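Student: Predicted model, plus sequence, below.
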Amino acid sequence: PGKLTYLLNNLTTVQEFILEGFPAVQHLGKPLFMVHLLLYLVSIMGSIVIITITWSDHCLQTPMYFFLSNFSFLESCFITTVIPKLLAIFLSGMQTISFAACLTQTFFFLFLGSTCFFLLAVMSLDRYMAICNPLHYHNIMNMKVCFLLVLSCYLLGFMLIIGLILMVSQLSFCDFNVINHFFCDLGPLVHLSCSDTSTVESLSFLLSVVTILSSLTITIISYTHIITTIVHLPSAKERQKAFSTCSSHLIVLVLTYGSCVFIYVKPKQADRLEANKEAALVNTVITPLLNPFIYTLRNKQVQKALRDALYRKKPMK
């Protein structure tokens, strides 16, 4: 009897979850659907433009734009794990999601998100090499090295997250199945479990610190050296241009790191679940919308490549 009770207590009786979404504004479902659909399409189109231009224009086939195109692809995949389900909630009230689909969404959200952070750190190192060590830049940052760095970001993100998701899949979920979020994020999901989640929460906190703070540290160190180098540039025009580029990058970095530190770097995942939804909305909708414009489309080289591409497509008179 004791073994039977143990087995029954450890069976996952919940076969599907209900995503609560935003109950206070659910009556505005269709307008919110249109707004978020527009933002999603703009984000995806911005990323497609970046990827197409950087791979088709010979002048943009450099390490910097190689990383930017990969970052754009990664962000498109990242928001696609979340936004389509949010659109379904707004449009038709389809709030249910199966247990397997929920775990899959959690995995890809965390895996792609972690990979984004590592790629941001790599991009910072690339700018450090270009500005602080220009004489050795092209010898060190060749395309083989760039490809290996991007591949390493994906592998590191996968290895950090897969074990955590396997641990979550072994948790028991009993009666209550309403997730206080608009997608299957780790904290709200673990909060529903009727198992002891202390090990999962501790591991999640540790991985959050390793992922977010390690990549943030690399970014801060890189930009510290970059700014120091820029300050010593002889031309005021060069300094202004360089500082303008840094400020644009820092806006996105503050949005990305700020929202994720707020959500994930907490020992208890159940803390402030309601506030986490707003932060996650910024992280999955607003920041990806801004990134194509801030990182690339404001760049004069990309603007020139866009003009050249549009000019080539114009019919000859």
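Tutor: Structure received.

Student: From Thr52, how far out is the residue nearest the centre of the chain?
Tutor: Centroid-nearest residue in the chain, with Cα atoms, centre = their mean: Gly113, separated by 3.8 Å. Distance from Gly113 to Thr52, counting by Cβ to Cβ, to the nearest Å: 24 Å. Backbone N, C-alpha and C define where each C-beta goes, glycine included.

Student: okay, stretch 146-155 in PDB with CA atoms only?
Tutor: The C-alpha coordinates for stretch 146-155 follow below in PDB (Å, rounded to 0.1, in the frame of the first residue of the first chain):
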ATOM      1  CA  CYS A 146      32.700  33.400 -36.000                       C
ATOM      2  CA  PHE A 147      30.800  30.200 -37.000                       C
ATOM      3  CA  LEU A 148      32.400  28.300 -34.000                       C
ATOM      4  CA  LEU A 149      31.400  31.100 -31.600                       C
ATOM      5  CA  VAL A 150      27.800  31.100 -32.800                       C
ATOM      6  CA  LEU A 151      27.700  27.300 -32.600                       C
ATOM      7  CA  SER A 152      29.100  27.400 -29.100                       C
ATOM      8  CA  CYS A 153      26.300  29.800 -28.000                       C
ATOM      9  CA  TYR A 154      23.700  27.300 -29.200                       C
ATOM     10  CA  LEU A 155      25.400  24.300 -27.600                       C
END
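
Student: can you offset everything so residue one is 2?
Tutor: Will do, 2 is the new start, and the previous item becomes stretch 147-156.

Student: So for that stretch, mean pLDDT?
Tutor: Taken as a whole, stretch 147-156 has a mean pLDDT of 95.

Student: what does stretch 67-86 give?
Tutor: For stretch 67-86, the mean confidence score works out to 91.

Student: Only the buried residues of it, if you could.
Tutor: 67-73, 75-77, 79-84, 86 (16 or more other Cβ atoms under 10 Å).

Student: Take those and keep only those in helices.
Tutor: Among the buried residues of stretch 67-86, the ones falling in helices (DSSP state H) are 67-73, 75-77, 79-81, 84, 86.

Student: What is the three-state secondary structure of Phe18?
Tutor: When classified by DSSP: H, G, I helix; E, B strand; the rest coil, Phe18 comes out as strand.

Student: Return the per-residue confidence for it.
Tutor: Value for Phe18, per-residue pLDDT: 87.

Student: Phe112 now?
Tutor: 95.

Student: For Ile180, give me phi and psi.
Tutor: Dihedral angles of Ile180 (phi, psi; degrees, to the nearest 10) stand at phi -90, psi 120.

Student: where exactly do the helices run in this protein?
Tutor: Secondary structure of the chain (DSSP H): helices at 3-10, 30-57, 64-81, 84-93, 100-133, 135-141, 144-170, 187-192, 199-209, 215-232, 237-265, 274-282, 288-292, 301-314.

Student: how about the ones you listed in TSV, adding distance to Leu20?
Tutor: Shown next, in TSV, are these (distance: least, Cβ to Cβ, whole Å):
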stretch	distance to Leu20
helix 3-10	26
helix 30-57	14
helix 64-81	16
helix 84-93	6
helix 100-133	9
helix 135-141	46
helix 144-170	17
helix 187-192	9
helix 199-209	20
helix 215-232	29
helix 237-265	17
helix 274-282	11
helix 288-292	20
helix 301-314	37
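
Student: Of all these, which one is nearest Ile180?
Tutor: Closest to Ile180 of those is helix 187-192 (Cβ to Cβ; 4.8 Å).

Student: rewinding a little: distance of the residue nearest to the centre of the chain relative to Ser99?
Tutor: From Gly114 to Ser99 the distance is 22 Å (Cβ to Cβ).

Student: again with Glu17
Tutor: Distance from Glu17 to Ser99, by Cβ to Cβ: 5 Å.

Student: low-scoring stretches of the protein, by residue?
Tutor: The chain contains residues with pLDDT under 70 at 2-14, 242-251, 253, 260-277, 279, 296-304, 307, 310-318.

Student: For burial, what's the neighbour tally of Ser203?
Tutor: Using other Cβ atoms under 10 Å, Ser203 has 11 other residues around it.

Student: any idea how far it lies from Ala281?
Tutor: Distance from Ser203 to Ala281, by Cβ to Cβ: 22 Å.

Student: Likewise for Leu29?
Tutor: For Leu29 relative to Ala281 (Cβ to Cβ), the value is 19 Å.

Student: quick one: Ser256 and Thr285 touch, right?
Tutor: Actually, residue 256 is Leu rather than Ser. No. Counting by Cβ atoms under 8 Å, Leu256 does not reach Thr285; the two are 11.5 Å apart.
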